[in-house]
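Undergrad: here is my input; please provide its structure:
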Amino acid sequence: MKSIIIFRHGKSDWDANYDTDYNRPLKTRGIKAAKKMGQLLNKKKETPDLIISSTALRAKNTATIAKKTGKWIANIKYEKMIYEGSLNKIISIIRRQSNKYNIICLVGHEPILSSFLFKLNYLNFTKFPTAAMARIDFETMKWNRIKLNKSISRVNWFIKPKDID
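TA: Have a look, this model is predicted:
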């Protein structure tokens, strides 16, 4: 079985001084939520083997904070295609990963994350809040066998930061 943990970046700071959307930083609330979610995966003993993050500042910071606070040992790979990516690009990124990884954490943005969940599971995640996570399990041992609308998968869990005490 292969699993993907979909992780939306933490709440960003729209009032900060930044030049482009790509460089928008996290808000204090986003930093706290990233820490909380990192610790959650550690407590659940479901830390990822690999983290693949968007290169946008808020996603990179979310991934780094969650990894550090949650004591994840996974390496972080940065993929620019996640920032402006299509579903096909996201699947392409996943399909080319080494099979030595069993759990991959994909850190990205809306609306692509809820679209990704919808295409894999036919579930409508109309609201995928900042710093929320969903774990999808696939009935395969090879990443390159995952396809939109054709893979046998299920959402194992969906958690928002406010759901955690």
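Undergrad: alpha carbons only for contacts and neighbour counts from here, please
TA: Fine.
Undergrad: can you give me the strands for this structure?
TA: Remark: strands assigned in the chain by DSSP state E are 2-8, 50-54, 75-79, 103-108, 133-138, 153-159.
Undergrad: from the contact counts, what lies against the second one?
TA: Read it as strand 50-54. helix 57-70, strand 75-79, strand 103-108 (3 or more Cα pairs under 8 Å, 6 or more residues apart in numbering; DSSP states H and E).
Undergrad: for T28, which of the strands of the chain is the nearest?
TA: strand 2-8 (15.8 Å; Cα to Cα).
Undergrad: what's the closest one in contact with?
TA: With contact meaning Cα atoms under 8 Å, 6 or more residues apart in numbering, strand 2-8 is reached by 48, 59, 101-110, 113, 128-143.
Undergrad: now the buried members of those.
TA: Listed as buried from the contacts of strand 2-8 are 48, 59, 101-109, 113, 128-138, 142-143; burial here means 16 or more other Cα atoms under 10 Å.
Undergrad: picking up where we left off before, now, of the helices and strands packed on strand 50-54, which is deepest in the fold?
TA: strand 103-108 (a mean of 26; mean count of other Cα atoms under 10 Å).
Undergrad: can you list the strands that that strand pairs with?
TA: Applying DSSP bridges to the sheet, strand 103-108 is found paired with strand 2-8 (parallel), strand 50-54 (parallel).
Undergrad: quick one: which of those strands is nearest D21?
TA: Using Cα to Cα, the nearest of these to D21 is strand 50-54, at 12.8 Å.
Undergrad: average pLDDT for that closest one?
TA: In this model, strand 50-54 has a mean pLDDT of 98.
Undergrad: and the angle for it with strand 75-79?
TA: 30 degrees (axes from the mean of the first three to the mean of the last three Cα atoms, to 10 degrees).
Undergrad: can you list the residues that contact strand 50-54?
TA: So strand 50-54 is contacted by 59-60, 63, 74-83, 101, 103-108 (Cα under 8 Å, 6+ apart).
Undergrad: pull the distance from that strand to the chain's centre.
TA: Relative to its chain's centre, strand 50-54 lies at 7 Å (Cα atoms, centre = their mean, to the nearest Å).
Undergrad: need the helix or strand of the protein with the lowest average pLDDT.
TA: When the helices and strands of the chain are compared on mean pLDDT, DSSP states H and E, helix 112-121 comes out lowest with a mean of 82.
Undergrad: what helices and strands are in contact with that one?
TA: helix 87-95, strand 153-159.
Undergrad: could I get the buried residue list for the shortest one?
TA: Applying a neighbour-count criterion of 16+ other Cα under 10 Å, one finds 153-155, 158-159 buried in strand 153-159.
Undergrad: lovely, talk soon.
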